[in-house]
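1. coordinates for the following, if possible.
(2 chains)
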Amino acid sequence: MTTPMQDAAASQAIADEQADGTRTGRLAGISKRWNSLARWQQWLILGVLVVLLYALPVINPPIITTEPGFNFPLALCDMARFALVALGLNVVVGQAGLLDLGYVGFFAIGSYVAALWTSTDSSMVHIPYLATLPLAMMVTAFFGVILGIPTLRLRGDYLAIVTLGFGEIIRLLADIVPALNGNSGFQNIGAPPGKDANGLDLFTNFNGKPWYWLFLTVIILLMLLLGNLERSRVGRAWIAIREDEDAAEVMGVPTFKFKLWAFCIGAAIGGLSGALFAGQVGFVNNQKFDVATSMLFIAAVVMGGSGNKFGAVLGGAIVAYVPYRFASLAAEKYLVFGVVLVVLMIFRPQGLFGSRNHLLAYGRKVQRVAARLRRDRSGDDTAKGVTS
Amino acid sequence: MIHTLALAAADNSGWIGFHLGDLIRNILPLTVDGLTYGAIYALVALGYTLVYGVLNLINFAHSEVFISGAYAAVFTLVAFGFGPSAPTMNIVAVIGALLVAMVAAALTSGVIALGVERLAYKPLRARNAPRLVFLITAIGMSFVIQYAIFWWRGAVAEPRVTMFNDKALFTVGRLTVYPSQLIIVIAAVLMMVGIDALIRRTRIGRGIRAVAQDPDTATLMGVNRERIIMVTFVLGGCLAGVAAFFYIMKVPSGAVYNGGFILGIKAFTAAVLGGIGNVRGALLGGLLLGVIGNYGSYLLGSSQWIDIVCFVILVAVLMVRPDGILGSNLAKVRA
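-> Okay, here's the model as predicted:
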């Protein structure tokens, strides 16, 4: 007798084998070994990694540092910012499969929320900077719904071009609406409170370290949250929509609702990163939110591996890192990323770290059963009856 | 000219206005100007429509195909000695030079469009990639072209080239018609008629229709699909090049590395408005969009509103009638 669990496990084992068969090279080896580790071992490695990441600006490791050309903690800060954006966009593009080319619009809205309520150039009521972070998330989530309700009935290319339009509209409005100060923008945007040992402000726009740590903490917290979300009913619905929207709808997934959720959550993260960015650079104007930036965000997600949050974060960090590390490339970074995008899509469309569709429900348990079944099958052929 | 009017109006009444009276008074010149832009949109929209009809794919890099044509036109004209003010050559020489520039723009855009197809789309077709992947390579390609131009020419627009003295042809009340407006609209309409005839009456056109209807069956019936796809891209590219030439005639300093983007979006909106995949729809959509955009920007007080008006129209059309005004597609065209 086979239980449904064993059936599922067996089919997962077969799918895994097939997937492994198509993966080549070192990356595949790493991911295979990673998946075979026990949960506590994975946590241990992750813990060490996180400590290393926190220590990066202090160690200033010789080969990967961007100095003397560019201040390394500030570069790290920018990398973390891109990683955060990529993490948010990954929810929309990677998880739910909605190509959003106007993500920079949400980023811009978040920045402007922080600027309008904290900058000395703004005549609005001033509130503490930290309070603008949840506010930015709420406002952008609201805009996500506003954009999502009319457009999420569209598919693929059409959705892409409409969101592209949305991003441009936000930029144009920042130009036209006088309250948003157009090109002259906002200066002296607030920062989180805190003093260092000398009694000076801890969060300044020329000191990257505290900002980097803040970004990193936010990223880690969000990754834990999003990881839970992925394994929940919502995450499963997203993957169903990404793989085949019609099938998902037929099977009773309220696709529109979940697409809207993806949009909303993605937008909120975009707004959060925008508000953090505004605080870090301390200056916001309409020049920072062009389409090219939006495309860099997409490039980050796609390059890292859309659908895989670790991949997306890494992709974001790489996209920000390359121009700092290889200063000669900085001027042509868009050209370089354009070529990378084309080449990657042709030869490795899943990105550097592609997502693999595990059975998300009871994933670990199923994998254990699968591993046992695989052992049985190689040992003697009695397991054949189970798999068929 | 009209844009400066609009900007002046904006100064009086804040960033968003509602100048209905002004709009009605100036409706004729706005319409003619809108039709001129619309004709250019329509020519670019054809490129989107043809490729969409045959491949079911939005060629995101088409706006860069367009802007490279604009550069070719400017360079050719500069080589002929055209400059910021109108040339002093005799009329035959001017017309000859303009024709050469137009052909150069068309050829450049055609070659670039073909290059995009070969480099970015063909390898994916061979691999049966999902559609999202096509979209991302298209974005990558548009990035590559845009920033190759940026790398080569920098962020500033090419100096303006004036093709001829655009003296008012005639004036009726508030309406002043310029030769450039007349040339652009008539030439664009003639070209659209030509393309329509090509699709409906020639062997190549039959091939395009066949592939649009059912690629597999068409292949079985002896249509060389790859060749048809190439022809489609080249055709769309050439039209974009011609559009770029007219664009330079209308906006003499229009050649800038990212200048294709907004125009590309508007042309795409025009294609969707008329019914993407529909050749006549592209013309109708282009002209309509040009006129509506012009009205909208004038009504609201600033030329920047044109883009916003276009986007809103795009969303509205997709919501209400995703098939566009004329609806049917390339596959259903009767000979």
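
2. and residue B:265, what is it in contact with?
-> Residue B:265 is in contact with A:161, A:164, A:165, A:168, B:63, B:307, B:310, B:311, B:314, counting by Cβ atoms under 8 Å, 6 or more residues apart in numbering or on different chains. For every residue, glycine as well, the C-beta is placed using N, CA and C.

3. surely it is in a helix?
-> Yes - using DSSP: H, G, I helix; E, B strand; the rest coil, the assignment for residue B:265 is a helix.

4. read off the pLDDT value for it.
-> The model reports residue B:265 with a pLDDT of 87.

5. then stretch B:201-211 to PDB, C-alphas only?
-> Extracted in PDB, the C-alpha atoms of stretch B:201-211 (Å, rounded to 0.1, in the frame of the first residue of the first chain):
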ATOM      1  CA  ARG B 201      -1.700  41.100 -52.300                       C
ATOM      2  CA  THR B 202       1.900  39.800 -52.500                       C
ATOM      3  CA  ARG B 203       3.400  36.400 -52.000                       C
ATOM      4  CA  ILE B 204       5.400  37.600 -49.000                       C
ATOM      5  CA  GLY B 205       2.300  39.000 -47.500                       C
ATOM      6  CA  ARG B 206       0.500  35.700 -47.900                       C
ATOM      7  CA  GLY B 207       3.400  34.100 -46.200                       C
ATOM      8  CA  ILE B 208       3.200  36.600 -43.300                       C
ATOM      9  CA  ARG B 209      -0.500  36.000 -42.900                       C
ATOM     10  CA  ALA B 210       0.000  32.200 -43.000                       C
ATOM     11  CA  VAL B 211       2.600  32.300 -40.300                       C
END
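
6. thinking again about what came up before, closest one to residue A:132 out of the contacts of residue B:265, please.
-> Closest to residue A:132 out of the contacts of residue B:265 is residue A:168 (24.7 Å), distances taken as Cβ to Cβ.

7. give me the element that closest one is part of.
-> For residue A:168, the host element (DSSP states H and E) is helix A:156-176.

8. give me the residues contacting stretch B:74-89.
-> B:94, B:97-98, B:100-101, B:104-105, B:158-165, B:248, B:252, B:255.

9. need the helices for the stretch 201-350 of chain A, in chain order.
-> A:208-231, A:233-243, A:245-250, A:255-281, A:291-304, A:309-325, A:333-347 (DSSP state H, counting those that start in this stretch).

10. quick one: contacts for the spatially most central residue of chain B?
-> Centroid-nearest residue in chain B, with Cα atoms, centre = their mean: residue B:44, separated by 2.4 Å. For residue B:44, the contact set (Cβ under 8 Å, 6+ apart) comprises B:62, B:63, B:66, B:239, B:240, B:243, B:263, B:264, B:267, B:270, B:286.

11. could you find the closest non-adjacent residue to it?
-> Once flanking residues are discounted, residue B:44 sits nearest to residue B:267: 3.5 Å by Cβ to Cβ, 6 or more residues apart in numbering or on different chains.

12. looking at it, residue B:131 is touching residue A:159, isn't it?
-> No - using Cβ atoms under 8 Å, residue B:131 is not in contact with residue A:159, being 11.6 Å away.

13. correct me, but residue A:92 touches residue A:266?
-> Yes - with contacts counted by Cβ under 8 Å, residue A:92 reaches residue A:266, the gap being 3.7 Å.

14. state the helix or strand in which the residue in the stretch 151-300 of chain B that chain A sits nearest to lies.
-> Per Cβ to the nearest Cβ, residue B:151 is where the stretch 151-300 of chain B lies closest to chain A, at 5.7 Å. Under the criterion of DSSP H and E, residue B:151 resides in helix B:131-153.

15. after that helix, next one along is what?
-> strand B:170-172.

16. residues of that next one that come out buried?
-> Of all the residues in strand B:170-172, not one is buried under the rule 16 or more other Cβ atoms under 10 Å in any protein chain shown.

17. repeat for stretch A:271-281
-> A:271, A:272, A:273, A:274, A:275, A:276, A:277, A:278, A:279, A:280, A:281.

18. any chance of these in a markdown table with distance to chain B and pLDDT as columns?
-> Listed next are the buried residues of stretch A:271-281 as a markdown table, based on distance: Cβ to the nearest Cβ, whole Å; pLDDT from 0 to 100:
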| residue | distance to chain B | pLDDT |
| --- | --- | --- |
| A:271 | 21 | 95 |
| A:272 | 25 | 94 |
| A:273 | 21 | 94 |
| A:274 | 21 | 93 |
| A:275 | 25 | 93 |
| A:276 | 26 | 92 |
| A:277 | 22 | 92 |
| A:278 | 22 | 91 |
| A:279 | 27 | 90 |
| A:280 | 25 | 90 |
| A:281 | 21 | 89 |
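
19. quick check, nearest of those to residue A:193?
-> The nearest member of the buried residues of stretch A:271-281 to residue A:193, counting by Cβ to Cβ, is residue A:279 at 11.5 Å.

20. got the contact list for the closest one?
-> Contact partners of residue A:279, counting by Cβ under 8 Å, 6+ apart, are A:114, A:118, A:129, A:189, A:190, A:191, A:192, A:203, A:211.

21. which helices and strands does the helix or strand containing residue A:137 pack with?
-> Take DSSP H and E as the rule and residue A:137 turns out to sit in helix A:129-151. Counting contacts by 3 or more Cβ pairs under 8 Å, 6 or more residues apart in numbering or on different chains; DSSP states H and E, helix A:129-151 is packed against helix A:103-118, helix A:156-176, helix A:255-281, helix B:305-320.

22. show the contacting residues for the most centrally placed residue in chain A.
-> Nearest to the mean C-alpha position of chain A, counting by Cα atoms, centre = their mean, stands residue A:87 at 1.2 Å. Residue A:87 sits next to A:219, A:222, A:223, A:226, A:269, A:309, A:312, A:313, A:316 when contact means Cβ under 8 Å, 6+ apart.

23. swap in residue B:109?
-> Neighbouring residues of residue B:109 by Cβ under 8 Å, 6+ apart: B:65, B:66, B:68, B:69, B:72, B:237, B:238, B:240, B:241, B:244.

24. and if you look at residue A:262?
-> Taking Cβ under 8 Å, 6+ apart, we find residue A:262 in contact with A:91, A:92, A:95, A:96, A:98, A:238.

25. now do the SS call for the residue nearest to the centre of chain B.
-> Secondary structure, three-state DSSP: residue B:44 is helix.

26. that one and chain A, how far apart?
-> From residue B:44 across to chain A, the span is 14 Å (Cβ to the nearest Cβ, to the nearest Å).

27. tell me the pLDDT at that residue?
-> With respect to pLDDT, residue B:44 scores 94.

28. also residue A:365?
-> 67.

29. residues near the residue lying closest to residue B:293 once chain neighbours are set aside, how many?
-> Nearest in space to residue B:293, with sequence neighbours left out and distances taken as Cβ to Cβ, 6+ apart, is residue B:306 at 4.4 Å. Neighbours of residue B:306 under the rule other Cβ atoms under 10 Å in any protein chain shown: 26.

30. CA atoms only for stretch A:241-248 - export them in PDB, please.
-> The C-alpha trace of stretch A:241-248 is given here as PDB (Å, rounded to 0.1, in the frame of the first residue of the first chain):
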ATOM      1  CA  ILE A 241       0.000  31.100 -10.700                       C
ATOM      2  CA  ARG A 242       3.500  31.400 -11.900                       C
ATOM      3  CA  GLU A 243       3.500  28.000 -13.400                       C
ATOM      4  CA  ASP A 244       0.100  28.000 -15.000                       C
ATOM      5  CA  GLU A 245      -2.400  30.700 -14.200                       C
ATOM      6  CA  ASP A 246      -5.300  29.000 -15.900                       C
ATOM      7  CA  ALA A 247      -4.700  25.700 -14.300                       C
ATOM      8  CA  ALA A 248      -4.500  27.400 -10.900                       C
END
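
31. can you list the buried residues in that stretch?
-> Under 16+ other Cβ under 10 Å, the buried positions of stretch A:241-248 are A:241, A:242, A:245, A:248.
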